[in-house]
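Student: attaching a predicted model along with its sequence, questions to come.
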Amino acid sequence: MNPVLDKHRVKTVVRPEMRFQEQVYLIEVWKGLLITSRHFFVNLWRHCMKALGQDAAAASVTTQYPEDPQVTAHRSRTRHRLLKREDGTPRCVACMLCETVCPAKCIYIKAEESPDVMIEKRAKTFKIDLGMCVFCGYCVEACPEDAIRMDTQYIQFPGSTRADLIWDMPELMGDRPKIPSLTPSKDPLSRP
Amino acid sequence: MSCCVTPPAWQGWLWSGALIFAAVNFGLGVAAFLSWVERKQSALLQDRIGANRAEIFGFRALGLFHIFSDAIKMLTKEDFAPPAGLRPWHSLAPIVSMGCAALCLAALPFGDSVEFLGRSWSLTPLPLEYGVVFVLALLSIGVHGVVMAGRSSGSNYGLLGGLRGAAQMISYEVAMLAILAAPLYIYGTLDLSEIARWQARTWHGIPMWGIFLQPLAFILFMTAGAAETKRAPFDLPEGEAEIVGYFVEYSGMKFGMFLTTDFIESIVLAGMATTLFLGGWHVPGLSALGLPSLVAALLGVGAFILKVMTVLWVLMQVRWTLPRFRFDQLLDLGWKNILPLALANLLVTVWAAALLS
Amino acid sequence: MAKLVKFNLDGREIEAPEGQLVIEAAKDVGIEVPHYCYHPGLGNPGVCRLCVCEVEGAPKPQMSCRTAVREGMKVRTDSPVARRAQAASLEFHLANHPLDCPVCDQAGECHLQDYYQGYGLYKSSVREDKRHKQKRKDIGRAVMLDQERCIQCTRCVRFTDEVSKTHELGVFGRGDRSVLDVYPGMRLDNPYSGNVVDICPVGALTDKDFRFSVRAWYLDKTPSLCTGCARVCSIEVHTNTRRPWHTDGRRVARYKPRYNTEVNRWWICDEGRYSYKSADSPTRLKASSTLGADGHAVQVAPADAAARLGSELGRHISERGADGFAFILSGTLSCEDLFAAKQLISRLGVPASNIVLAPAPEQLGEQDDILRRAEKVPNLYGATALGFDVSRSLDRLKAPLWGAWVVDREAPAAFKGLPFTVWQGPNAVRFTSEARWVLAASHTVEEKATYANFQGRLQRANRAVESLGESQPDWAWFGAVLRAMGGDFPHQCAGSVFKAMSAAEPAFHGLSFDLPAEGAPLVAAEEAVR
């Protein structure tokens, strides 16, 4: 035990003493009710003004999602994509670094010999289980080849089975559209 | 009791029956409406919009159609009873709960007596001499529904929720009686219509409503009432977000009945508060206008409903403002704070009344 | 024992035998000097110049792999001079080394990566382009060469010169044009070729079989034994259970040799190296079965199988007598398995003449004076120590037989029509489908077991992966049937069997299941010497 270190490590939180008006509680309840009531009436007023065609401040922070799509920030991490070389072959060399760093263990790569002797190794299959992905972006950080990015601005990938959330290499490269199945698979929990 | 001639027995029964039917339907209608109010009011005070997606032919009507979609959903959902539960009791529990709550509505004095056909017709569906006791008794019987639901679910969570519910409701019944003792001492009657009528008196132009005579009792009554009817911040028996409660094993319309029970109990509570403390159907200065009896009575009914709605709004506002109590805090509040305060209030009232007389 | 001398290493007073290399003396006390060309099993030509250290009195840094310890010398491996010299050497090694790490199989177990982290200059002063040489050159049955990655440490060349003595490899050219290659017209096809992959400190020589399957950091390593021949080499089983799809669900990814002074030193033969595939081969039995009334196999749960087999066997023996029952035991059975079998045999009363240890002598393999033994039965010595007759001739079986229990080998054709046959083993053979009872047994990598090699050295294998499906160790089968027939076999783990064996069998007296890494000689071996 190091007393010097422990002194710095242990932080004593002093809880504020409750004053009489707080102990009575009713006054605090009243204050709380005033706040919520103010919001209620102010928002009600703004809604009414809007309904009457008047210019009023926004009464809510809600975004009406499907009609009014949320615009993602340029740097937000969205669905992955795999990049290609100039000749159209995938940049990925199946080094497994993204698979290794992935905290959700949602990347599944199998390697094979590349016909190009200078590239040597390439991915035979490259799958991402977007149902498992936590969108941390570590795979992008880890990639030594700049082969994977998360800049598609694409955040909708619904599916009716778990298999629908697993994107294969052509789909991630944009060579093939991802078409969700319409019927549930027999084993909805299946993993690749 | 009313000084006028009462109708003959069979007509009285018919009249009373019609009024009971109307009162219960009024309660159910307002309960459905309250589900919308709850959503929209919470949305407004939290800077949201609230449920607005249900639509009929493109009309959304401020989300009012959600009431219908909710009802359709609950009616068409699978009515699931856990295999480990006790099936008949499982079905009976919501009926008991909702039945008791709905019957309370019948005892509320919606308006003054109306004079026509040469007779006096009471606008209280069940004109009872002991209306206060009737309502309190029915609210107490409601606890059976809660315990029954918890026990017959075959789930430990449900059982614990039921036990919490029983402990809470029984604790607050005691407090409730102690609170009401003081105003009832002043009114000198247990008949709800008489109580309402009593409050029509004025003192130097100020109506002698219960809230002015017994402000402390009013606050305590609202608190204890919210606890008795399991409304937030006292919704520990339910606590669906984390501690889950007695109706955790319910689905479909049975669950819907528990939900409706909650709203109906709120209406009963609001009605009781209106009758006991807010002058019932009384509108200050209305009697001075000398309106015909029928018009005055209808205006009185309108005033009663308006007052009930205002109290409901306050209850909702409290529900969305305060966080839920912990169970020990809840029991402390009931036994250590409300009950002594109520008894002290009773003592002061009796003493003051003795001095004044 | 050479004379001990005292010298000072990094400020520590150290005793070492006179003439020992500084690098070895340092390793003995836990100081690692970075090195490439030096390998304790090969000569030390001093070509990589990475292991330089500062010796007091010497004008320049000295190579610790070429400097012998002397009385009173003062050596520093971590002084600024030594560190700078090491970093400069490393810079030369990296000058033409491609940055292939993402695609290189060695990544994760690469000395160049490790030393660069520990000793490297992070900013190279080399501005010139790297020299390109041939990549992906197929130089032999098992090995792929990448000339670019080679740092010319010549370990592999020395291996083919000194150990396998096949002389296939050499370094050709001079300066930065020098390349590692096979001699013209030759291929690296010697029976020990896989070892050059192990000793290669970088990714220049890679294993074709393992190539691109699993990254090194996904592998779990378990010390175990190769049971391919009577040498019983110490190995490490590398298993991949974290990313099963890399090896298509195969759990065992490769075998690597494990250093054992007494048995195999640093090497294993290619035959043993690639024998790992049997652990996950499609022929593995996952469940036990019996022939149903209609002649088709019906799956049976292990406990059920032992109970039913035991009662059937008991009935047959009481009706026809134990003389007509034979045991064909496999040479791959461990000492624990054989001990349990011995107890079962004595319970049944099967005569010793009906016990045969397979394979028959005519199935001997190749033998050389490096590692490989012609005798393919790994535990023959253990069987002898346990009192089994190991003459192994099927002719000795006395006809007529009514039943047989065959373990992990093909049965003679004559066994086909027998009314009661049991086949037990990990991988199905032709006879498996004919046997009345099939008992699924664990593979060597799936159980803790001891084997005594031809020298009488008892070593222990460990469990690298769980038993596949419902298979269980051979001793557990023998024990379960023994219990089902009313015998006493209380053991639940191999350690418990071993304890009973060391108490009951004189050859195993005084031995513990927790054997040292290099194993221990059986008592019988010492007696034989005496």
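Tutor: Now that the structure is in, tell me what you want to look at.

Student: do the lengthiest helix in chain B and chain A meet?
Tutor: In chain B, assigned by DSSP state H, the helix with the most residues is helix B:9-45. Yes: residues of helix B:9-45 contacting chain A under CB under 8 Å from any CB of the partner chain: B:41, B:43-45. C-betas here are computed from N, CA, C, even on glycine.

Student: who are the contact partners of the residue in the stretch 251-400 of chain C that chain A sits nearest to?
Tutor: When distances are taken as CB to the nearest CB, the stretch 251-400 of chain C approaches chain A most closely through C:A253, which lies 13.2 Å from it. When the contact criterion is CB atoms under 8 Å, 6 or more residues apart in numbering or on different chains, the partners of C:A253 are C:210, C:213-214, C:219, C:238-240, C:247, C:276.

Student: how about the secondary structure of it?
Tutor: strand (DSSP: H, G, I helix; E, B strand; the rest coil).

Student: so which residues on chain A come close to chain B?
Tutor: With CB under 8 Å from any CB as the criterion, chain A comes near chain B at residues A:26, A:29, A:32-33, A:35-37, A:39-40, A:43-44, A:47, A:59-62, A:64.

Student: buried sites along stretch B:323-334?
Tutor: Neighbour-count burial for stretch B:323-334 flags B:324-325, B:330, B:333-334 (criterion: 16 or more other CB atoms under 10 Å in any protein chain shown).

Student: one more: stretch C:234-253?
Tutor: By neighbour count on 16+ other CB under 10 Å, the buried set for stretch C:234-253 is C:234-240, C:243, C:246-247, C:250-253.

Student: repeat that for stretch A:122-132.
Tutor: Of the residues in stretch A:122-132, those with enough neighbours to count as buried (16+ other CB under 10 Å) are A:122-123, A:126-131.

Student: just these now: which is nearest chain B?
Tutor: When these are compared for distance to chain B (CB to the nearest CB), A:G131 wins out at 25.3 Å.

Student: so who does the closest one touch?
Tutor: Residues in contact with A:G131, defined by CB under 8 Å, 6+ apart, are A:106, A:162, A:165-166.

Student: just among these, which is most surrounded?
Tutor: Using other CB atoms under 10 Å in any protein chain shown as the contact criterion, the top neighbour count among those goes to A:I166, which has 21 neighbours.

Student: name the nearest residue to the residue of the stretch 251-400 of chain C closest to chain A, ignoring sequence neighbours.
Tutor: C:N240 (4.4 Å; CB to CB, 6 or more residues apart in numbering or on different chains).

Student: ok, the nearest residue to C:G425 once chain neighbours are set aside to C:P426 distance?
Tutor: Here the nearest residue to C:G425 in space, its sequence neighbours aside, is C:D408; by CB to CB, 6+ apart that works out to 3.4 Å. In this view, C:D408 and C:P426 are 7 Å apart by CB to CB, to the nearest Å.

Student: and for these two, which residues touch both?
Tutor: Contacts common to C:D408 and C:P426, judged by CB under 8 Å, 6+ apart, are C:A441.

Student: comparing these two, which residue is more hemmed in?
Tutor: Neighbour totals were compared for C:D408 and C:P426, and C:P426 leads with 24 against 20 (other CB under 10 Å).

Student: and the pLDDT at that one?
Tutor: Model confidence at C:P426, given as pLDDT, is 93.

Student: now for it: which residues touch it?
Tutor: For C:P426, counting by CB under 8 Å, 6+ apart, the contacting residues are C:278-279, C:284-285, C:408, C:440-443, C:468, C:471.

Student: for C:A440, name its beta-bridge partners.
Tutor: For C:A440, the beta-bridge assignment (DSSP bridges) gives partners C:G425.

Student: for it, give me its contacts.
Tutor: When contacts are counted by CB under 8 Å, 6+ apart, C:A440 is found next to C:285-288, C:426, C:468-472.

Student: mind running it again at 7 Å?
Tutor: The contact partners of C:A440, taken as CB atoms under 7 Å, 6 or more residues apart in numbering or on different chains, are C:285-288, C:469-471.

Student: now B:S152
Tutor: By CB under 7 Å, 6+ apart, the residues touching B:S152 are B:85-86, B:89-90, B:93.

Student: so where do the strands sit in chain A?
Tutor: Taking DSSP state E as the test, the strands found in chain A are A:81-82, A:107-113, A:121-129, A:148-149, A:166-167.

Student: need these in CSV (columns: distance to B:L64 and mean pLDDT).
Tutor: Formatted as CSV, the strands of chain A follow (distance: least, CB to CB, whole Å; pLDDT from 0 to 100):
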stretch, distance to B:L64, mean pLDDT
strand A:81-82, 45, 94
strand A:107-113, 48, 94
strand A:121-129, 42, 94
strand A:148-149, 47, 96
strand A:166-167, 42, 92
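
Student: make a markdown table from those strands and add distance to B:S152 to it.
Tutor: As requested, the strands of chain A are arranged in a markdown table below (distance: least, CB to CB, whole Å):
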| stretch | distance to B:S152 |
| --- | --- |
| strand A:81-82 | 55 |
| strand A:107-113 | 48 |
| strand A:121-129 | 42 |
| strand A:148-149 | 55 |
| strand A:166-167 | 44 |
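
Student: can you list which of the contacts of C:A440 are found in strands?
Tutor: C:S288.

Student: of the contacts of C:A440, closest to A:A142?
Tutor: Of all these, the one sitting nearest A:A142 is C:G469; the distance, using CB to CB, is 36.4 Å.

Student: same for the strand or helix carrying C:S346, what does it pack against?
Tutor: Secondary structure from DSSP states H and E places C:S346 in helix C:335-348. When contacts are defined as 3 or more CB pairs under 7 Å, 6 or more residues apart in numbering or on different chains; DSSP states H and E, helix C:335-348 sits against strand C:325-329, helix C:380-385, strand C:449-452, helix C:474-484, helix C:494-504.

Student: and whatever helix or strand comes next after that helix, which strands flank it?
Tutor: Sequence-wise, the next helix or strand beyond helix C:335-348 is strand C:355-357, with elements assigned using DSSP H and E. Strands that pair with strand C:355-357, judged by DSSP bridges, come out as strand C:325-329 (parallel).

Student: for the strand it pairs with, what is the average pLDDT?
Tutor: Looking at strand C:325-329 alone, the average pLDDT works out to 90.

Student: what sits up against that strand?
Tutor: Residues from elsewhere that reach strand C:325-329 (CB under 7 Å, 6+ apart): C:317, C:341, C:345, C:348, C:350, C:354-358, C:397, C:401-407, C:409, C:411.

Student: now it against helix C:335-348, angle please.
Tutor: Interaxial angle of strand C:325-329 relative to helix C:335-348 (axes from the mean of the first three to the mean of the last three CA atoms, to 10 degrees): 170 degrees.

Student: with just CA atoms, put strand C:325-329 into CSV.
Tutor: The C-alpha coordinates for strand C:325-329 follow below in CSV (Å, rounded to 0.1, in the frame of the first residue of the first chain):
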residue,chain,number,x,y,z
PHE,C,325,-12.3,-63.6,-27.4
ALA,C,326,-9.3,-61.6,-28.6
PHE,C,327,-8.0,-58.1,-28.0
ILE,C,328,-6.2,-56.3,-30.9
LEU,C,329,-4.6,-53.4,-29.1
